[in-house]
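Asks: Sequence below, structure please.
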Amino acid sequence: MPESIETRKRLLPAHENHKLISRSALDFAWMDDVPSNHIPFISAAGLLMYFEEKDVLELLNKIGERFRGAELFFDAIPPSLSAKTLTGFKVTSSYTAPRMPWGIQTDDLYPFAMSLENVQDATVQTYAGPYPKAMWPYNWVTKIGPIRRAFAPSLVHVVFK
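Replies: Reported below is the predicted structural model:
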């Protein structure tokens, strides 16, 4: 979103290898702003849960069609958290989480990712995956199937062919 890009520009230094595009991810014209002589790494972290499932599918399939060889990183929340946000999830007494209509279980993410257009490979892990020692209690708990399926947010890395 344009507001997010403006905040990022104020907080983080510019880098010659980063292209910041100030458009909605669902306005596919942003793809025309990506230099055609580069294979992009696209981060959709903290984004997709705010879209409806049909929009998530359309966006990710368009990325797969348009950016052959690209890599994509995104995170996902479980359906239980998504459902809470749709009914006004109060995180604190003064903060209600925004609506997050798209949620998917960790166990369903690999088949979901592999069903996208032109996917070569995908990896899925819970938030504790990159830091199993630092997050050992969470890492251990998310190995229990019912808990992982109900509560674990996930990290996904997709490589397109």
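Asks: hey, where'd the helices end up in the chain?
Replies: 2-11, 53-66, 79-86, 106-114, 136-141, 145-151 (DSSP state H).
Asks: Mind checking the pLDDT average for stretch 46-56?
Replies: Average pLDDT, stretch 46-56: 97.
Asks: Skipping adjacent residues, who's closest to K84 in space?
Replies: A97 (7.5 Å; Cβ to Cβ, 6 or more residues apart in numbering). Backbone N, C-alpha and C define where each C-beta goes, glycine included.
Asks: Quick check: that neighbour touching L86?
Replies: No - under the criterion of Cβ atoms under 8 Å, A97 is not in contact with L86, lying 9.9 Å apart.
Asks: Name the residue most distant from the centre of this protein?
Replies: Most distant residue from the mean C-alpha position of the chain: S93, 27.4 Å away (Cα atoms, centre = their mean).
Asks: Report the contact partners of that one.
Replies: By Cβ atoms under 8 Å, 6 or more residues apart in numbering, S93 lies in contact with nothing.
Asks: cool, and F67?
Replies: M31, V34, I39, P40, I42, F160.
Asks: Which of those has the largest number of neighbours?
Replies: F160 (24 neighbours; other Cβ atoms under 10 Å).
Asks: returning to what we had before: how about the helices of the chain, which one is nearest G46?
Replies: Proximity to G46 (Cβ to Cβ) singles out helix 2-11 among the helices of the chain, at 8.9 Å.
Asks: got a list of what the most centrally placed residue in the chain touches?
Replies: Nearest to the mean C-alpha position of the chain, by Cα atoms, centre = their mean, lies F74 at 2.5 Å. Going by Cβ under 8 Å, 6+ apart, F74 touches S43, A44, A45, L47, L48, V156, V158.
Asks: Show the backbone phi and psi for the closest residue to it other than its chain neighbours.
Replies: Among residues not flanking F74 along the chain, A44 sits closest, at 4.0 Å (Cβ to Cβ, 6+ apart). Backbone torsions of A44, given as degrees, to the nearest 10, read phi -120, psi 30.
Asks: For A44, grab the count of nearby residues.
Replies: Quick note: A44 (other Cβ under 10 Å) scores 20 neighbours.
Asks: how far away is it from I147?
Replies: Distance of A44 to I147, given as Cβ to Cβ, to the nearest Å: 26 Å.
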